[in-house]
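**Q** the sequence isn't on hand, but the structure is:
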C-alpha cells in the first residue's frame, strides 16, 4: 500500500478516535508500558464517546487533538524521507474523518438511532479499519 494512503488512513482512524491510531501503531511495534497506556486511553475514549457531556469532535480542542494524533501516526508509518508529507496526510485524514463521522452521527440521530448504538458502530468500524491497516503495514 502506498505510504501516503496508509498515513491518511491511519489519520482517519485517529479522526474517529484520537487515541486509537497511536495505540494500534504502538502495540504493533512494542509491548512497552506506553503501548499499554495508549490502549487504555483508546478504550476509555471509546467508552466516554457515548456520554452526552463529551464535546463534539469538531470543537476546537478535540479537533486539534485529532489532527495532531493523525499527524503523529501518519509520520510514524512512513520512511524518514516521506515523514513530513505523511504527517500532513495523516492530519488531513483525521480532519476529513472527524467531519465526515460527525455528519454520519447527525444522520443517525435524525433516523432515531441512539447515540450509543451509532458510537458503538463507529468504534467497530474504526477498530476494524485500524487492525486491518496494522496487518498491511
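**A** That came through, no problem. Quick caveat: nothing in here was measured; it's all calculated off a predicted structure.
**Q** so where does residue 86 fall, helix or strand?
**A** Following DSSP states H and E, one finds residue 86 within helix 83-110.
**Q** all helices for this structure, in order.
**A** 3-16, 20-29, 33-48, 60-76, 83-110, 115-136 (DSSP state H).
**Q** now, of these, which is deepest in the fold?
**A** With neighbours defined as mean count of other Cβ atoms under 10 Å, the helices of the chain peak in mean count at helix 3-16, which reaches a mean of 26. (C-beta placed from N, C-alpha, C; glycine too.)
**Q** returning to what we had before: figure out which of the helices of the chain is closest to residue 54.
**A** Proximity to residue 54, assessed across the helices of the chain by Cβ to Cβ, is greatest for helix 33-48 (5.6 Å).
**Q** run through who's touching stretch 65-85.
**A** With Cβ atoms under 8 Å, 6 or more residues apart in numbering as the test, stretch 65-85 has contacts from 3-4, 6-8, 10-15, 18-19, 21-22, 25, 57, 86-95, 97-98, 137.
**Q** please redo it, this time with the cut-off set to 7 Å
**A** With contacts defined as Cβ atoms under 7 Å, 6 or more residues apart in numbering, stretch 65-85 is touched by 3-4, 6-8, 10-11, 14-15, 18, 21-22, 25, 57, 86-87, 89-91, 93-95, 98, 137.
**Q** also stretch 12-23?
**A** Residues from elsewhere that reach stretch 12-23, judged by Cβ under 7 Å, 6+ apart: 10, 38-39, 41-42, 45-46, 65-66, 69-70, 72-73, 93-98, 101, 122, 126-127, 129-130.
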